[in-house]
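Trainee: Prediction below, plus the sequence it came from.
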Amino acid sequence: MFHQPTPYPSALSPRERVLTLADYGWDTERERSFTPSRADGLVPGRVVRAERGQCDVVTEAGSARAAVLPAPGTGDRLTPCTGDWVAVRPSGAATSATVVEVLERRTAVVRSTSSRTSQAQVLAANVDTVAVAVSLADPLKLGRIERMLALAWDSGATPVIVLTKADRSTDPASGAAEVTEAAPGVEVLVTSAATGEGLDVLTAVLSGTVVLLGPSGAGKSTLGNRLLGEDLLATGAVRDSDGKGRHTTAWRELLPLPHGGVLLDTPGLRGVGLHDADEGLDQTFAEITELARDCRFADCAHTSEPGCAVLAAIEDGQITGRRLDSYHRLQRENTHAAARTDARLRAELERPLKQISRHIRALKQSPHFKA
């Protein structure tokens, strides 16, 4: 049965106390909707680690390794992701536990794969807080931060920027101010896993299921270990030559936090492609979205149109040209990614190129053309 989480002393680590599904995020609403599945002999579980064809799940009876069955009515195998809630058929005398259904996701961190098909890859499911780790020991890359924020906002979760390695920065306050300007509406916290700076505030801000996102070398795993109170996540040194770290986290894994909630650590992300992230871009560039409402033309592209409120704001110093350039760049990427799976949109994008090609061919066929 479903149990409400019980208070526990902060000194107890997750390994020293009995955890319930509620500690992993199961709630009354999910329990109510799961009633028909219980009648069919299924039990709820949360995926703490997913592999091809198998996953580790935590259920009311404890942890189990479960096989993943094909989706009902299709030959395609279910693809549960770390953080997913699933319906599990418990193991019997002659059978192993099996995942038979992936329950509806409330939120999902989704990126576009690098393939030409622009398929979506779910990095984490049912996340409440996305903690974007940014190292203050390296030069700040605001464009990458904006890209990660678009991913985070679009997931439906609440983003938080965690500036790590403050002890290795000569001016962490200046770095925080620069990031804050590029992240309107997002809490920016300065931390150091080495000195403990900012960790108490970070612990208070993080809630529910927390996913750590960021490039390798940003200090995610070290930060995660401080939040967990134990060295459960592998860490590695950062190369002095380029400031990059090894991908010490090889897979996504869900771990309970000592003060409540669960932590999902992820491998360092070399590249993050946007996938249908219109809402995420609107949130990330909220001030541009707001200004665009006052443009003279409803379809203003904010490039050279008369009466453009966004360009006027740049002239007045309200926003920077770098910020608008980043907005345009991510919008183009998002549009082209969508076009790979939307034939009509793809045709609209290709039409100007075809017109130019026809014009060039016509010129070459002209008797007045000289090569």
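Mentor: Good, I have the coordinates.
Trainee: Quick check: mean pLDDT of the longest strand along the chain?
Mentor: The longest strand of the chain (DSSP state E) is strand 43-51. On average, the pLDDT along strand 43-51 is 93.
Trainee: go on, stretch 202-222?
Mentor: Taken as a whole, stretch 202-222 carries a mean pLDDT of 92.
Trainee: returning to what we had before: so which bits of the longest strand of the chain are buried?
Mentor: 43-50 (16 or more other Cβ atoms under 10 Å). For glycine as for every other residue, the C-beta is placed from the backbone atoms N, C-alpha and C.
Trainee: a markdown table for those residues, including distance to Glu197?
Mentor: As requested, the buried residues of strand 43-51 are arranged in a markdown table below (distance: Cβ to Cβ, whole Å):
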| residue | distance to Glu197 |
| --- | --- |
| Val43 | 43 |
| Pro44 | 39 |
| Gly45 | 38 |
| Arg46 | 32 |
| Val47 | 34 |
| Val48 | 30 |
| Arg49 | 31 |
| Ala50 | 34 |
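Trainee: low-scoring stretches of the stretch 101-250 of the chain, by residue?
Mentor: The stretch 101-250 of the chain contains residues with pLDDT under 70 at 113-119, 234-250.
Trainee: ranges for the strands of it?
Mentor: Counting by DSSP state E, counting those that start in this stretch, one finds strands in the stretch 101-250 of the chain at the ranges 108-112, 120-125, 129-135, 158-164, 187-190, 209-213.
Trainee: so how far is the longest strand of the chain from its chain's centroid?
Mentor: Once both centres are worked out by Cα atoms, centre = their mean, to the nearest Å, strand 43-51 turns out to sit 19 Å from its chain's centre.
Trainee: Please report how far the residue sitting nearest the centre point of the chain lies from Leu255.
Mentor: The residue at the geometric middle of the chain, judged as the C-alpha nearest the mean C-alpha position with Cα atoms, centre = their mean, is Val109 (3.8 Å). Going from Val109 to Leu255 by Cβ to Cβ, to the nearest Å gives 17 Å.
Trainee: and stretch 149-168, how far from the chain's centre?
Mentor: The gap between the average C-alpha position of stretch 149-168 and the chain average comes to 9 Å, counting by Cα atoms, centre = their mean.
Trainee: Could you list the buried residues of it?
Mentor: Applying a neighbour-count criterion of 16+ other Cβ under 10 Å, the buried positions in stretch 149-168 are 149-166.
Trainee: ditto for stretch 212-231
Mentor: Within stretch 212-231, the residues that count as buried by 16+ other Cβ under 10 Å are 212-228.
Trainee: Could you do stretch 98-107 as well?
Mentor: Within stretch 98-107, the residues that qualify as buried by neighbour count (16+ other Cβ under 10 Å) are 98-103, 105-107.
Trainee: so what's Gln275 up against?
Mentor: Gln isn't right for residue 275; it's His. Residues in contact with His275, defined by Cβ atoms under 8 Å, 6 or more residues apart in numbering, are 110-112, 118, 120, 334, 337.
Trainee: One more pass at 7 Å, please.
Mentor: With contacts taken as Cβ atoms under 7 Å, 6 or more residues apart in numbering, His275 has the following neighbours: 110-112, 118, 120, 337.
Trainee: Nearest residue to it in space, please, no chain neighbours.
Mentor: Taking Cβ to Cβ, 6 or more residues apart in numbering as the measure, His275 lies nearest to Ser112, with 3.9 Å between them; neighbours along the chain are not counted.
Trainee: my guess is the one you found meets Ala337, correct?
Mentor: Yes - assessed by Cβ atoms under 7 Å, Ser112 is found in contact with Ala337 at 4.9 Å.
Trainee: who has more neighbours, those two?
Mentor: Neighbours were counted for Ser112 and for Ala337 using other Cβ atoms under 10 Å; Ser112 has more, 25 against 20.
Trainee: what pairs with that one across the strands?
Mentor: When bridges are taken as DSSP bridges, the partners of Ser112 come out as Ala120, Gly273.
Trainee: Over to Pro159?
Mentor: The partner list for Pro159 in beta bridges (DSSP bridges) reads Val130.
Trainee: surely it meets Leu149?
Mentor: Yes - with contact defined as Cβ under 7 Å, Pro159 counts as touching Leu149 (5.6 Å).
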